[in-house]
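Trainee: Got a predicted model here, sequence first, then my questions.
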Amino acid sequence: MTPDFDLSGRVALVTGSSKGLGRAMATALGRAGAKVAFNYQNDRAAAERAFEEYRAEGLEGGLFRANVVDADEVRHLCRDVANVLGPIDIVVVNATPAQPLKPIEHYDWDFYQEMLDFFVKSPFLLARATLPHMKSVRRGRIINITSEVFARGVGNFSAYVAAKGAQTGWTRSMATEVAPWQVTVNAVAPGWIPVERHAGDAQEDKDAYERLIPMGKFGLPEDVGGAVVYLASDAARFVTGQTIHVNGGMTVH
């Protein structure tokens, strides 16, 4: 690990990190030297398995349950992580609800609100809880996990796309606001990278998407983890307000 990418002494919180991309990002940060707070809400067994495998690599961290769209739980989560691991230096906003594709006539406002809660309210709550420390030490990283769907304007996905667009706008505004304290706010926008929750997706849908990828293959969760480590590191100290698309070139044209 070169010095610029060494996260030793840093504490990272990754929301929704018991499975899929969240788990890969948490593991990548731990391998880079950070102490990582794994977060889950519902599936305790899966979270415990993921954290046990993480610890089996000799990596440092802790496992914390919290609903990251609830203000009190976010406040307690950040306090508990600080008490166990130390003040949070890196926040990766990753937790997500189900993301069904539907025409707008089949959505209701409650579903739209759920998307906004996860992708606008949650980063807001996490930033408010962690920025006082980041500002005091004049260093911090907030990394939103957004999606290529905003850039591609994917149809039958309006609630998710709208909320991801709002999260992207929040990222840009916050980057400007906290830049004087040397805190960076960026986003990583993955394409469709199959993980556990895609196990039931139709193979023809996967094949059709894969044929569109300029690099000719699906990405891996570790590809997203690499982008997150970069943005969390000192190598990205002068990068803020940006979105890194990790999708094999899907948003080039």
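Mentor: Received, thanks. Just so we're clear, the structure is a prediction, and the values are computed from it rather than from any experiment.
Trainee: where does residue 17 land in three-state SS?
Mentor: For residue 17, the assignment made with DSSP: H, G, I helix; E, B strand; the rest coil gives coil.
Trainee: wait, what's in contact with the closest residue to it other than its chain neighbours?
Mentor: In space, residue 17 comes closest to residue 26 once its chain neighbours are excluded; the distance is 4.1 Å by CB to CB, 6 or more residues apart in numbering. Heads up, the C-betas are built off the backbone N, CA and C, glycines and all. Applying CB atoms under 8 Å, 6 or more residues apart in numbering, we find residue 26 in contact with 12, 14, 17, 36, 38, 50, 54, 61, 92.
Trainee: Next secondary structure after the lengthiest strand in the chain?
Mentor: Identified as the longest strand of the chain according to DSSP state E is strand 183-190. Per DSSP states H and E, the first helix or strand lying C-terminal to strand 183-190 is helix 203-212.
Trainee: does residue 141 sit in a helix or strand, and which one?
Mentor: Going by DSSP H and E, residue 141 is part of strand 140-145.
Trainee: Give the rounded mean pLDDT of the longest strand of the chain.
Mentor: For strand 183-190, the mean per-residue pLDDT is 98.
Trainee: and it, which strands flank it?
Mentor: strand 140-145 (parallel), strand 243-246 (parallel) (DSSP bridges).
Trainee: Now tabulate those in a markdown table and tack on distance to residue 173 and mean neighbour count.
Mentor: Output for the strands paired with strand 183-190, formatted as a markdown table (distance: least, CB to CB, whole Å; neighbours: other CB atoms under 10 Å):
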| stretch | distance to residue 173 | mean neighbour count |
| --- | --- | --- |
| strand 140-145 | 12 | 26 |
| strand 243-246 | 13 | 20 |
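Trainee: Save the ones you listed as TSV, and put in mean pLDDT and distance to residue 159 too.
Mentor: Output for the strands paired with strand 183-190, formatted as TSV (pLDDT from 0 to 100; distance: least, CB to CB, whole Å):
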stretch	mean pLDDT	distance to residue 159
strand 140-145	98	17
strand 243-246	98	20
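Trainee: Turn these into TSV, columns for distance to residue 180.
Mentor: Listed next are the strands paired with strand 183-190 as TSV, based on distance: least, CB to CB, whole Å:
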stretch	distance to residue 180
strand 140-145	12
strand 243-246	22
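Trainee: right, so of those, which gets closest to residue 107?
Mentor: Nearest to residue 107, of all those, is strand 140-145, at 22.3 Å by CB to CB.
Trainee: which residues are in contact with the closest one?
Mentor: Contacts of strand 140-145 (CB under 8 Å, 6+ apart): 21-22, 25, 89-94, 96, 119, 123, 126-127, 130-131, 133-134, 167-168, 170-171, 174, 178, 181-190, 224, 228, 231-232, 236.
Trainee: From those residues, list just the buried residues.
Mentor: With burial judged by 16 or more other CB atoms under 10 Å, the buried subset of the contacts of strand 140-145 is 21-22, 25, 89-94, 96, 119, 123, 126-127, 130-131, 133-134, 167-168, 170-171, 174, 178, 183-190, 224, 228, 231-232, 236.
Trainee: Report the buried residues of whichever strand or helix holds residue 82.
Mentor: Assessed by DSSP H and E, residue 82 sits inside helix 71-84. By neighbour count with 16+ other CB under 10 Å, helix 71-84 contains the buried residues 73, 74, 77, 78, 81, 82.
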